[in-house]
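Asks: whatever this is, show me its structure:
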Amino acid sequence: MTRPLIRIEDIDDPRIAAYRNIRERDLVGREGRFIAEGRVVLNVLFSTSRFSAESVFLRDNRVAGLGELITHIPEDVPVYVADGSVMDGIAGFEMHRGIVAIGRKPATDGAGLLDSLPREALVVALSGIANHDNMGSIFRNAASFGAAAVLLTEDCCDPLYRKAIRVSVGAALKVPFARFPDADTLAASLIERDFSLLALSPRGALDIADVSRADRHALLLGSEGHGLSEEVMERLPTARIDMAADFDSLNVAAASAIALHRLWRG
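Replies: Predicted structure coming up:
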């Protein structure tokens, strides 16, 4: 049976109100919704039980090549279709991919997530990461190197911001995450559950290449520029990534990839 598609011909159609002016009014934080876009991201959205979708919106000239994706969309999720001019008029800019969905964020509990992790687990802990490109890249690295979860302080940006999801290539929908009030609470919660914490900084005591992987290991990363606080650096074991003496400008996302690869290889 062919999946019924709902044709949209009016940019003011109330059924697609959630997609209107996406760039200006991103849905992150609004009633627990988020925007997912692109074939790869939607494949992840509909292959994980962590998230549900309200609807899908497709450019009509993309439908023919999306048969497998469409078959994975639950029957109770409406699939809207429009031509390019209508879709662009609704979104407020040219939607090159022409594949977008509205998702809903589940309630998350930091303690509950930690308690659900296996005895052997690698997690990423983030403090003050405010750049969506970095956030998306860190989630992509976390997925690539087997991290069981990403834990964030409240001052981190939202992993489900449209750009962060896109940069993560859907990893923000794949890797479980939860928030904690601050770095102290996050660190204490990890220590209570027998995690070995490792704070990564250019001022770290050990070269990451010399760090041995523990059964439960948490890699703590801070924002570019300010980095981790002096208090955190004094309390926790620290590591650095050695590099050329005349250059010290490694992006936090790139640093996360190097450190996670080291801990993943163990």
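Asks: so for the helix or strand where residue 136 lies, mean pLDDT?
Replies: Assessed by DSSP states H and E, residue 136 sits inside helix 132-144. In this model, helix 132-144 has a mean pLDDT of 97.
Asks: starting at the chain centroid, how far to that helix?
Replies: Helix 132-144 has its C-alpha centroid displaced from the chain centroid by 6 Å (CA atoms, centre = their mean, to the nearest Å).
Asks: before we move on, what about stretch 150-159?
Replies: On the basis of CA atoms, centre = their mean, stretch 150-159 sits 10 Å off its chain's mean C-alpha point.
Asks: who's in contact with it?
Replies: 28-29, 110, 113-114, 123-132, 135-136, 138-139, 142, 164-165, 168, 172, 175-183, 186, 190, 218 (CB atoms under 8 Å, 6 or more residues apart in numbering). Placement of C-beta: from N, CA and C, glycine included.
Asks: now the strands for the stretch 151-266 of the chain?
Replies: Under the criterion DSSP state E, counting those that start in this stretch, the stretch 151-266 of the chain contains strands at 177-180, 196-200, 206-207, 216-222, 238-240.
Asks: what packs against the third one?
Replies: This points to strand 206-207. strand 238-240 (3 or more CB pairs under 8 Å, 6 or more residues apart in numbering; DSSP states H and E).
Asks: now the strand it packs on: mean pLDDT?
Replies: Rounded mean pLDDT across strand 238-240 is 92.
Asks: partners of that strand in the sheet?
Replies: Sheet pairing of strand 238-240 (DSSP bridges) gives strand 196-200 (parallel), strand 206-207 (parallel).
Asks: okay if I get those as JSON lines plus mean pLDDT?
Replies: As requested, the strands paired with strand 238-240 are exported to JSON lines (pLDDT from 0 to 100):
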{"stretch": "strand 196-200", "mean pLDDT": "94"}
{"stretch": "strand 206-207", "mean pLDDT": "92"}
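Asks: looking at these, which is buried most?
Replies: strand 196-200 (a mean of 23; mean count of other CB atoms under 10 Å).
Asks: who's in contact with that strand?
Replies: By CB under 8 Å, 6+ apart, strand 196-200 touches 125, 187, 190-191, 208, 211, 214, 216-222, 228, 232-233, 236-241, 255-256, 259, 263.
Asks: among these, name the buried ones.
Replies: Buried members of those, scored by 16 or more other CB atoms under 10 Å, are 125, 187, 190, 208, 211, 214, 216-222, 228, 232-233, 236, 238-241, 255-256, 259, 263.
Asks: tell me the domain ranges of the protein?
Replies: According to automatic domain parsing, the chain comprises the domains 6-104, 110-265.
Asks: quick one: list the elements packing against the helix holding residue 136.
Replies: strand 121-127, strand 149-153, helix 162-167, helix 171-174, helix 252-265.
Asks: now the longest one: how far from the chain's centre is it?
Replies: So that's helix 252-265. Relative to its chain's centre, helix 252-265 lies at 16 Å (CA atoms, centre = their mean).
Asks: can you check the fourth one too?
Replies: On the basis of CA atoms, centre = their mean, the separation between the geometric centre of helix 171-174 and that of its chain is 5 Å.
Asks: which other helices and strands contact that helix?
Replies: In terms of contacts (3+ CB pairs under 8 Å, 6+ apart), helix 171-174 is packed against helix 39-45, helix 132-144, helix 162-167.
Asks: can you pull the contacts of residue 239?
Replies: The contact partners of residue 239, taken as CB under 8 Å, 6+ apart, are 198-201, 204-208, 211, 259.
Asks: per-residue confidence at the closest residue to it other than its chain neighbours?
Replies: Nearest residue to residue 239 in three dimensions, chain neighbours excluded: residue 204, at 4.2 Å (CB to CB, 6 or more residues apart in numbering). We have a pLDDT of 87 for residue 204.
Asks: cool, and residue 228?
Replies: Looking at residue 228, the pLDDT reads 71.
Asks: and if you look at residue 224?
Replies: 68.
Asks: by mean pLDDT, point me to the weakest helix or strand of the protein.
Replies: Sorting the helices and strands of the chain by mean pLDDT, DSSP states H and E puts helix 230-235 at the bottom, at a mean of 75.
Asks: return that one as CSV; C-alpha atoms alone will do.
Replies: Taking C-alpha atoms only, helix 230-235 is exported to CSV below (Å, rounded to 0.1, in the frame of the first residue of the first chain):
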residue,chain,number,x,y,z
GLU,A,230,40.9,26.5,38.0
GLU,A,231,38.8,24.8,40.7
VAL,A,232,38.0,21.9,38.4
MET,A,233,41.6,21.7,37.1
GLU,A,234,42.9,21.5,40.7
ARG,A,235,40.5,18.8,41.8
